[in-house]
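**Q** Only the shape, not the letters, is given here:
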Ligand code: AMP
């Protein structure tokens, strides 16, 4: 079993990396709802988020908090919205999405088209805020 996200972890597929530690990895969503839309995943591949073991699941939110704080400093927004769907990729992930209103977190909306340079610039700025 190797999800597309495990392929990213293995370096088989590129991503715009935001942060990682021994248990988690954060990277920009390639079809973002907003600039700075980030995904946080456990390195251990588990499909459904509520099958992730307690400690790993709880600490995933603490890891996400650090990332959210950094995104907030780069992207102007009221809040970082948090969403879990998991309908597309069978590797548990938390969406962190800069929002100003409820409508900003509607996954049925057309996604932003950003250039590679824009993704790289965003990732660089967010990484800088994590230091
Ligand atoms: P869902 O499983 O419903 O939460 O949706 C999966 C999310 O992963 C979507 O927002 C996709 O845009 C995102 N996604 C899929 N493939 C990649 C990838 N290679 N790099 C970054 N994000 C991805």
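**A** Everything's here; your move. Computed from a prediction, not measured in an experiment: that's the story for all the values here. Numbers count the residues shown, from 1 in each chain.

**Q** name the element residue 40 belongs to?
**A** strand 38-42 (DSSP states H and E).

**Q** between the next helix or strand after that strand and strand 38-42, how many degrees?
**A** Sequence-wise, the next helix or strand downstream of strand 38-42 (DSSP H and E) is helix 54-74. If you take axes from the mean of the first three to the mean of the last three CA atoms, to 10 degrees, helix 54-74 sits at 160 degrees to strand 38-42.

**Q** buried set for helix 54-74?
**A** 57, 60, 63-64, 66-68, 70-72, 74 (16 or more other CB atoms under 10 Å). Just so you know, the C-beta spots here come from the backbone N, C-alpha and C atoms, and that holds for glycine as well.

**Q** What lies in contact with the following helix or strand past it?
**A** Sequence-wise, the next helix or strand downstream of helix 54-74 (DSSP H and E) is strand 79-83. Applying CB atoms under 8 Å, 6 or more residues apart in numbering, the contact partners of strand 79-83 are 64, 68, 71-72, 94-99, 104-105, 107.

**Q** how about strand 79-83: buried residues?
**A** The neighbour-count check on strand 79-83 (16+ other CB under 10 Å) flags 80-82 as buried.

**Q** Among these, which ones lie close to the ligand?
**A** Residues of those in contact with the ligand (CB under 6 Å from any ligand atom): none.

**Q** need the residues you listed in JSON lines with distance to residue 43 and pLDDT, can you?
**A** Below are the buried residues of strand 79-83 laid out as JSON lines (distance: CB to CB, whole Å; pLDDT from 0 to 100):
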{"residue": "80", "distance to residue 43": "22", "pLDDT": "98"}
{"residue": "81", "distance to residue 43": "24", "pLDDT": "98"}
{"residue": "82", "distance to residue 43": "20", "pLDDT": "98"}
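
**Q** just to revisit the earlier point, for the contacts of strand 79-83, name the two members farthest from one another.
**A** Spatial extent of those (CB to CB) is set by the pair 72 and 107 at 21.0 Å.

**Q** residues contacting the spatially most central residue of the chain?
**A** What sits nearest the mean C-alpha location of the chain, by CA atoms, centre = their mean, is residue 39, with 1.3 Å. For residue 39, the contacting residues are 5, 26-29, 93-96, by CB under 8 Å, 6+ apart.
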